[in-house]
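A.B. asks: the sequence and its predicted three-dimensional model are supplied below.
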Amino acid sequence: MRPISAGWLAVRVLLAALMVGLSAAPPARADVTLPAVIGSHMVLQQETPISVWGWASPGEEIEITLGEMHAKTTADAEGEWLVKLPGLSASAEPLEMTIAGKNTIKLEDILVGEVWVGSGQSNMQWSVAASNNAQEEIASADYPKLRLFLVPLIPSGTPAKNVNARWQVCTPQTVPNFSAVSYFFGRELHKALDVPLGMIATSWGGTRIEPWTPPAGFESQPELERERSQIGAMQAGYQAALKAQRDKIRTWLAAADAAAASGQAISEPPGFPSNPFNNNGAPTGLYNGMVHPLVPFGIRGAIWYQGESNLGAGMHYHDLMKGLIQGWRTVWGQGEFPFLYVQLAPYKYGAAPTLLPEIWEAQTATLAFPNTGMAVVTDIANTADIHPRNKQETGRRLALWALAGTYGKNELVYSGPLYDSMVVEDGRVRLKFRHVGGGLKSRDGKPLDWFSIAGEDKKFVPAAAEIDGETVVVQSPQVAAPVAVRFGWHQLAEPNLCNQAGLPASPFRTDRWNDAINAEPAAE
């Protein structure tokens, strides 16, 4: 009889574990290890309990020292450990952290200030090197107290524990491939607040919102029943595939044992079913791989630029956004932290021209969710390019929301005009806005554009619009009895209505008709 090798035994044990539905036991760890997000050059969120976690041998005692603070804990049966240290005030004086068990890890150059996460699809992933004035921006990116953490593009079928990334000091060498919106947002805050600033960038072009949403997010919104059913079906299908494969493995094991006993060649084992969630298009797949490993690292809030891949979702995108926001807030356990996002830029999609405005409408509706903010960018777009290059202004506008809403700089005008209400008077419609910012104006000095008006026939026609104090009056000789107004309700709309701070008005409609005839632009 040919002796059975140790390698063959290991394969047999692993396959047998799959047969009985068990995962392999975690390996014994001789060394203490940390997640990548806890490292030298990191920024810790000020005035927030400091979470420090990692892995070690089960039962191993771990001692953590940060400045004058000390704490001890013991790794659990899975080799995992976590401690929370008291929050610190902002400081640019570098700190050291020591984590000691069987081995000792020493982290250096740790600052305390503000930490934000930037996420989304390609317009958030878009790099500094590909943005406007790239050479000048890169050359001037010398900010020793601004730190960058760039998460690689890796999905996961189950919540990942770590990412292959590291904190870096912001320099001309480290900034080129970093998220431009995240960098320019962080730079604005860093300058305005005069505290250390950490930006974590985790984004992937072409992705929908569902992969970024944790299970808790889908569970939080009753309107996401369809998504929960999809996830349940995927889970059931995967479990069924695993069970079916278990039978194949059992058969193969018997044949392999017989072959080994008789000295015959052993055939290749059956393959393992792939996890359907290990995909950048699957619900939870990007949360698992690119967000979960960051939790529970202390943050101030998040910025978000996504939605192009969800075109056609209409107001359901509002439900999805609520799920994402609530999901992230739930897993982080830091309350209703600020969640700021960019309203999509105008662009000539190969689809019905009102699908994009419907996403705009959903994004605007999300402002009713607690502690949210929206930067409008209709005036800095390129309708022939889905990736506008002026990421500087996009980051600045997001920063305005943060500075006013999060940091109490109430003197700032942080939003463009948002539709509030309408009243019909003598054949015309008067529109009232919030966030008029000292008054309304035309951005280019020309007559207001992209307004349309309709009567009961639901047929919209271009309308004349004039500013009257803090309102806009809209009318058309073609509509004697108006009942509804639309503004910028077309994917190509780059309207000129703004406030005195130069922030553009968000597109809107006063109706909720699904069978209206939308006004076409004069020329495309």
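C.D. replies: Sure, I can see it.
A.B. asks: domain assignment for the protein?
C.D. replies: By the assignment in automatic domain parsing, the chain contains the domains 112-222+281-406, 418-509.
A.B. asks: determine the longest strand present in the protein.
C.D. replies: If you go by DSSP state E, the chain has its longest strand at strand 104-120.
A.B. asks: which neighbouring elements make contact with it?
C.D. replies: If contacts are counted by 3 or more CB pairs under 8 Å, 6 or more residues apart in numbering; DSSP states H and E, strand 104-120 sits against strand 43-45, strand 91-100, strand 143-150, helix 180-193, strand 197-203, strand 301-305. Every C-beta, even on glycine, is put in place using the N, C-alpha and C of the backbone.
A.B. asks: so what's the gap between that strand and the chain middle?
C.D. replies: Put simply, strand 104-120 sits 18 Å off its chain's centre (CA atoms, centre = their mean, to the nearest Å).
A.B. asks: tell me the contacts of the residue nearest to the spatial centre of the chain?
C.D. replies: Centroid check for the chain by CA atoms, centre = their mean gives residue 119 as the closest residue, at 3.1 Å. With contact set as CB atoms under 8 Å, 6 or more residues apart in numbering, residue 119 has these partners: 201-203, 212, 291, 302-304, 306.
A.B. asks: so residue 472: helix, strand or coil?
C.D. replies: What DSSP: H, G, I helix; E, B strand; the rest coil gives for residue 472 is strand.
A.B. asks: that one: neighbouring residues, count only.
C.D. replies: 24 (other CB atoms under 10 Å).
A.B. asks: rewinding a little: out of the helices and strands packed on strand 104-120, which is closest to residue 451?
C.D. replies: When those are compared by CB to CB, strand 301-305 sits nearest residue 451, at 27.3 Å.
A.B. asks: circling back to that earlier point, what's the helix or strand that the longest strand of the chain is followed by in contact with?
C.D. replies: Remark: after strand 104-120, the chain's next helix or strand is helix 122-125, criterion DSSP states H and E. By CB under 8 Å, 6+ apart, the residues outside helix 122-125 that reach it are 118, 179, 181-182, 201, 203-206, 303-306, 308, 342, 345, 386-388, 394.
A.B. asks: list buried residues within the residues you listed.
C.D. replies: Buried by 16 or more other CB atoms under 10 Å: 118, 179, 181-182, 201, 203-205, 303-306, 308, 342, 345, 386-388, 394, out of the contacts of helix 122-125.
A.B. asks: just to revisit the earlier point, any idea how far residue 291 is from the residue nearest to the centre of the chain?
C.D. replies: Going from residue 119 to residue 291 by CB to CB, to the nearest Å gives 7 Å.
A.B. asks: shared neighbours of those two, anything?
C.D. replies: Shared contacts of residue 119 and residue 291 (CB under 8 Å, 6+ apart): 202, 212.
A.B. asks: picking up where we left off before, neighbouring strands of the longest strand of the chain in the sheet, and parallel or not?
C.D. replies: Partners of strand 104-120 in the sheet, by DSSP bridges, are strand 43-45 (parallel), strand 91-100 (antiparallel), strand 197-203 (parallel), strand 301-305 (parallel).
A.B. asks: restricting to C-alpha, output the second one in PDB.
C.D. replies: Taking C-alpha atoms only, strand 91-100 is exported to PDB below (Å, rounded to 0.1, in the frame of the first residue of the first chain):
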ATOM      1  CA  SER A  91      -3.400  67.700  17.900                       C
ATOM      2  CA  ALA A  92      -0.700  68.000  15.200                       C
ATOM      3  CA  GLU A  93       1.800  66.700  17.700                       C
ATOM      4  CA  PRO A  94       2.800  63.200  16.500                       C
ATOM      5  CA  LEU A  95       1.900  60.300  18.900                       C
ATOM      6  CA  GLU A  96       3.200  56.800  19.100                       C
ATOM      7  CA  MET A  97       1.100  53.700  19.700                       C
ATOM      8  CA  THR A  98       2.400  50.400  20.900                       C
ATOM      9  CA  ILE A  99       0.500  47.100  20.700                       C
ATOM     10  CA  ALA A 100       2.300  44.300  22.600                       C
END
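A.B. asks: what mean pLDDT does that strand get?
C.D. replies: Over the span of strand 91-100, the pLDDT mean works out to 98.
A.B. asks: that one vs strand 143-150, what angle?
C.D. replies: 50 degrees (axes from the mean of the first three to the mean of the last three CA atoms, to 10 degrees).
A.B. asks: ends of stretch 216-226, how far apart?
C.D. replies: By CA to CA, to the nearest Å, the extent of stretch 216-226 from end to end equals 15 Å.
A.B. asks: flag every buried residue along that stretch.
C.D. replies: Using 16+ other CB under 10 Å as the burial criterion, the residues of stretch 216-226 that qualify are 217-218, 220-221, 224.
A.B. asks: mind putting these in CSV, secondary structure and distance to residue 454 included?
C.D. replies: Formatted as CSV, the buried residues of stretch 216-226 follow (DSSP: H, G, I helix; E, B strand; the rest coil; distance: CB to CB, whole Å):
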residue, secondary structure, distance to residue 454
217, helix, 37
218, helix, 37
220, helix, 37
221, coil, 32
224, helix, 33
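A.B. asks: I'd like the residues you listed written out as CSV, with distance to residue 434 added.
C.D. replies: Putting those into CSV (distance: CB to CB, whole Å) gives the following:
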residue, distance to residue 434
217, 28
218, 31
220, 27
221, 26
224, 29
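A.B. asks: out of the residues you listed, who's nearest residue 269?
C.D. replies: For these, the nearest to residue 269 is residue 218 (35.0 Å; CB to CB).
A.B. asks: before we move on, the earlier item: out of the contacts of residue 119, the closest to residue 400 would be?
C.D. replies: Relative to residue 400, the closest of these is residue 303; by CB to CB it sits at 12.0 Å.
A.B. asks: in this protein, which spans are helices?
C.D. replies: Remark: helices assigned in the chain by DSSP state H are 6-19, 122-125, 134-139, 180-193, 215-220, 225-261, 285-290, 316-332, 355-365, 391-401.
A.B. asks: quick one: average pLDDT of the first one?
C.D. replies: Read that as helix 6-19. 44.
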